[in-house]
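[1] What shape does this take:
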Amino acid sequence: MKKLEIVIQPEKLEDLKAILDESSVNGLMITNIMGYGNQKGHKKVYRGAEYNVNLLPKIKVETVIEPDIAETLITKIVSEIQTGTYGDGKIFVYEVQDAVRIRTGERGHDAL
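    Numbering: from 1, shown residues only. Coordinates of the predicted model:
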């Protein structure tokens with residue numbers, strides 16, 4: 001199994017959810033986060049004073065999927081979510097050893 005941690009701009013959340021639903025992804029977790037990458041934030045002007053905004057709002061979506069659909073799903077997410085500008089986000093891929101459904105005790109693929 002593979003765990004995908006997908007960090008995106010908040011306005012792209014509905015697009016990402018649609019992609020995951022089309023791909024029959026079973027469950028996901030969504031977290032509001034703040035951060036920055038290569039862009040290092042941006043400058044704003046408030047009442048004539050200029051200041052830096054370093055931490056930008058992002059959304060982190062986590063899901064665990066079957067390994068055979070991982071690459072296809074990643075390719076689809078990248079092609080449909082990207083705008084070509086800084087801050088589009090990142091996808092982190094992890095190996096998952098096991099999963100356990102607490103309610104029934106099912107393990108592995110059955111727990112997804």
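
[2] pLDDT below threshold where in the protein?
    39-42 (pLDDT under 70).

[3] can you pull out the strands in it?
    Under the criterion DSSP state E, the chain contains strands at 2-8, 29-35, 42-46, 49-53, 56-65, 89-95.

[4] could you point out the longest helix in this protein?
    helix 67-81 (DSSP state H).

[5] So what touches that one?
    Under the criterion CB atoms under 8 Å, 6 or more residues apart in numbering, residues 1-2, 4, 6, 8, 12, 15-16, 19-20, 23, 25, 65, 88-89, 91, 93 lie in contact with helix 67-81. Every C-beta, even on glycine, is put in place using the N, C-alpha and C of the backbone.

[6] Apply 6 Å and report the result again.
    Helix 67-81 has contacts (CB atoms under 6 Å, 6 or more residues apart in numbering) with 2, 12, 19, 23, 91.

[7] okay, the strands of the chain in TSV with distance to residue 78 next?
    Converted to TSV, the strands of the chain look like this (distance: least, CB to CB, whole Å):
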stretch	distance to residue 78
strand 2-8	10
strand 29-35	19
strand 42-46	23
strand 49-53	26
strand 56-65	14
strand 89-95	7
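
[8] Could you save these as a markdown table and add columns showing mean neighbour count?
    Listed next are the strands of the chain as a markdown table, based on neighbours: other CB atoms under 10 Å:
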| stretch | mean neighbour count |
| --- | --- |
| strand 2-8 | 19 |
| strand 29-35 | 11 |
| strand 42-46 | 9 |
| strand 49-53 | 9 |
| strand 56-65 | 18 |
| strand 89-95 | 13 |
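
[9] Can you tell me which of those is nearest to residue 107?
    For the strands of the chain, distance to residue 107 was read as CB to CB. The smallest value, 12.7 Å, belongs to strand 56-65.

[10] Taking their axis directions, the closest one and helix 67-81 sit at what angle?
    Counting by axes from the mean of the first three to the mean of the last three CA atoms, to 10 degrees, strand 56-65 lies at 150 degrees to helix 67-81.

[11] Alright, calling it a day.
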